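[1] any chance you could fold what I've pasted below:
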Amino acid sequence: MSSDLIAYFIFGGCWVVAILVLVRINERLWLAPSAIFFIGFFFHGFVAPYVELTGVRTILDPSNLDYVLRQTCYSAAALLLGYSLVQVVAQRGKIRLRRDRVTPLAPVFRRTGVAAAIVAMLFVWVTTFGVLILSGRLEAQRGTGAYDGGTLRQLAAVGFAIYALVPALVMSRFQAPDRRSAIVTACAWLSMIAVAAFSVLQFARFTIAYVAAVVFMHWHTRVRRVRFRWFALLGAGVVLLSVFSQARSLREGIVNVSPAELLSFLANRAARVTDVAYSLARSLPGQGVFTQTVNFVPGIDDYFHGTTYLRSFLALFMPNAITGSYDFDTPAYWFREMYAPGLMTQGYDFSMMAEAYMNFGDWMSGVFLLVGAAVAGLSNAVRKSNSPMLVLWAALCIINLTFGLRNDSNSLFVRATYFILPALGLSALNRVRFRISPAPVRTAGVQAPDA
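    Below is the predicted model:
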C-alpha cells in the first residue's frame, strides 16, 4: 500500500471522528440520525476501496484510484461544511426548531388506528408473497434487473414502498393509547416477521436492514436511548446478516437448497473471518464504479451537466412500473452499457459520487455541500418535529441517502417520493369520517307535512 493511500485513509479516519464530535455537539447525541449517514459515507468512500484492492472479483481501476480518493476528500469536506452551515443557522434561530429533547409524537394512524394498522400489516404480507412468487425468487437467485418486463422489474421497488409501513406501525405502537396499543404492537411484530422472511427467502440483507435502521432511528431519538448492550446485539445481527447473505453465491433459490447444505455453507463462511470482514466492508460499494466512470467521462461521453438528476426527477411522473418502458437510461444502466454492453442483468451497483462526477467533473463536491445541508435538516426533523409524517419521511430519507451512496439518483428520488405514499394514504383514509343525516324527529301532536 502506497504512502498516498495511507494518507487518504488517515484523512478519512480523522474526518469521521471530527464530524461525529460535531454531531454530538450540535445534536447532543452520539448516534444521531445524521451520524448514520456520515459513518456510511466513511465506509463507502474510504474503507471499501482498500478492501476492493484486495478482492478477487472487483472492477476497481487502480490507475484512477488516486483521483477518486482525492475527490472523496473534497466531497467529505463539503459534507462537513454543508452540515455545519445548516446547524449554525439553526442555532441562531433562523430556522425555528423545537427544544432539543424527546417530544411527544402523535400516532401516525390516529384514533381508529387499529383498522389502519391491520390493513398495513396485510399489505406487508401480501406484498411479501407477491414479490417472491411472481418474481420467481424462491426457485432462482435472480436480481430485479434480470427481467425484461418493466412491471416485473419494479416489483421490488413496490415492495420496499409497502415495507415503509412497518416503521409507521412501530411509531404508532409507542403512541397508541390504552388497549389499542396491543393490537398495533401485534401488527408491527407480524410486519417485521414478514420483512425478515422476505430477506431470508432471497438471501438478502438490504430489505431488513433498511426497515430496521428506520425503526432504530425512531426508537433511539424519540422513545428511549439505546444502551451499549443493544448496540452490541445490533452489531452481532449485522454480522449474521452479512454471513447469511453470502448464500447467494450458491446461485440457487432457497427451495432448491437443502437445510444441511445451507447450514454447512454458512458454517464454512462464518469460520472464515476474512470473508465476513470483506462482506461487511463492502456493504456500501461503488468506488470501483467511480474509477471506471473516470475512463468514460469525458473520454467517450461528455459531462452531463446535471441532466441525470433532472431526468431522474421527471421519471417520477412516468413510473416504469406503469409504462413498462425503459427508454430513460438511468446512470446505472448507462454504466452497464459502457462497461459491459449486452449484459442482461444490472450486474453492478452504481455510486452517488460517480454520478456527481459524470455531471460536474472536478466540481462534483458541490453536490455534497447540498447533501450535507440536507442531512442536517432531515436529522433535525427526525429529532424535533411533532409531525409524525415528517418524522417518518425524514428518517426514510436519511436511510435512503445512506444506502443511496451505492445507487444513482433515479433510485434516490423514487424512494424519497414513493416510500411515504402508503403511510400517507392510510393516514388520510384513517381520518375520513362518514356522517349520516339524522332522521326527521316527529313531535307528539304535530302531524308531519305531506310530501
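[2] which stretches of the stretch 201-350 of the chain aren't confidently modelled?
    253, 270-282, 319-329, 342-348 (pLDDT under 70).
[3] can you check the stretch 51-200 of the chain too?
    55-57, 93-113, 131, 134-160, 173-180.
[4] could I get the full set of helices for it?
    65-91, 113-134, 150-153, 155-163, 165-175, 180-201 (DSSP state H, counting those that start in this stretch).
[5] deepest of those, which one?
    Per residue and on average, the most neighbours among those fall to helix 165-175, with a mean of 26 (mean count of other Cβ atoms under 10 Å). To be clear about C-beta, it is placed using only N, CA and C from the backbone, and glycine gets the same treatment.
[6] by contact count, what packs against that helix?
    The contact analysis (3 or more Cβ pairs under 8 Å, 6 or more residues apart in numbering; DSSP states H and E) places helix 165-175 against helix 113-134, helix 180-201, helix 206-218, helix 388-403, helix 421-430.
[7] can I get those helices in JSON lines with distance to residue 314?
    Formatted as JSON lines, the helices and strands packed on helix 165-175 follow (distance: least, Cβ to Cβ, whole Å):
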{"stretch": "helix 113-134", "distance to residue 314": "26"}
{"stretch": "helix 180-201", "distance to residue 314": "31"}
{"stretch": "helix 206-218", "distance to residue 314": "25"}
{"stretch": "helix 388-403", "distance to residue 314": "19"}
{"stretch": "helix 421-430", "distance to residue 314": "18"}
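[8] for those, which one sits closest to residue 30?
    helix 206-218 (13.4 Å; Cβ to Cβ).
[9] can you tell me how far residue 69 is from residue 287?
    Distance from residue 69 to residue 287, counting by Cβ to Cβ, to the nearest Å: 8 Å.
[10] identify the contacts common to the two.
    Jointly contacting residue 69 and residue 287 under the rule Cβ atoms under 8 Å, 6 or more residues apart in numbering are 45, 49.
[11] hmm, back to that, and the helices of the stretch 51-200 of the chain: which comes nearest residue 212?
    Nearest to residue 212 among the helices of the stretch 51-200 of the chain is helix 180-201 (8.1 Å), distances taken as Cβ to Cβ.
[12] okay, the helices of the stretch 51-200 of the chain in a markdown table with distance to residue 58 next?
    Formatted as a markdown table, these follow (distance: least, Cβ to Cβ, whole Å):
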| stretch | distance to residue 58 |
| --- | --- |
| helix 65-91 | 11 |
| helix 113-134 | 30 |
| helix 150-153 | 26 |
| helix 155-163 | 25 |
| helix 165-175 | 34 |
| helix 180-201 | 25 |
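[13] for residue 378, which of these is the nearest?
    That would be helix 65-91 among these, by Cβ to Cβ, at 9.9 Å.
[14] I'd like to know which elements that closest one is packed against.
    helix 3-27, helix 33-42, helix 48-53, helix 287-296, helix 352-360, helix 365-384.
[15] one more pass at 7 Å, please.
    helix 3-27, helix 33-42, helix 287-296, helix 352-360, helix 365-384 (3 or more Cβ pairs under 7 Å, 6 or more residues apart in numbering; DSSP states H and E).
[16] need the ones you listed in JSON lines with mean neighbour count and distance to residue 192, can you?
    As requested, the helices and strands packed on helix 65-91 are exported to JSON lines (neighbours: other Cβ atoms under 10 Å; distance: least, Cβ to Cβ, whole Å):
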{"stretch": "helix 3-27", "mean neighbour count": "16", "distance to residue 192": "27"}
{"stretch": "helix 33-42", "mean neighbour count": "24", "distance to residue 192": "19"}
{"stretch": "helix 287-296", "mean neighbour count": "23", "distance to residue 192": "32"}
{"stretch": "helix 352-360", "mean neighbour count": "25", "distance to residue 192": "28"}
{"stretch": "helix 365-384", "mean neighbour count": "22", "distance to residue 192": "20"}
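[17] so which of those helices is nearest residue 199?
    Taking the helices and strands packed on helix 65-91 one by one with Cβ to Cβ, helix 33-42 is closest: 19.0 Å.
[18] relative to helix 3-27, how tilted is that closest one?
    Interaxial angle of helix 33-42 relative to helix 3-27 (axes from the mean of the first three to the mean of the last three Cα atoms, to 10 degrees): 170 degrees.
[19] number the chain from 32, please
    Shifting the count to begin at 32 puts that one at helix 64-73.
[20] could you check the angle helix 237-249 makes with helix 64-73?
    Angle between the axes of helix 64-73 and helix 237-249 is 140 degrees (criterion: the same axes, to 10 degrees).
[21] so how far is residue 116 from the residue most central in space within the chain?
    What sits nearest the mean C-alpha location of the chain, by Cα atoms, centre = their mean, is residue 431, with 3.2 Å. Going from residue 431 to residue 116 by Cβ to Cβ gives 22 Å.
[22] ditto for residue 83
    Where residue 116 is concerned, residue 83 sits at a distance of 33 Å (Cβ to Cβ).
[23] one more: residue 285?
    48 Å.
[24] again, but for residue 451
    26 Å.
[25] hang on, isn't residue 407 packed against residue 63?
    No. With contact defined as Cβ atoms under 7 Å, residue 407 does not reach residue 63; the gap is 9.9 Å.
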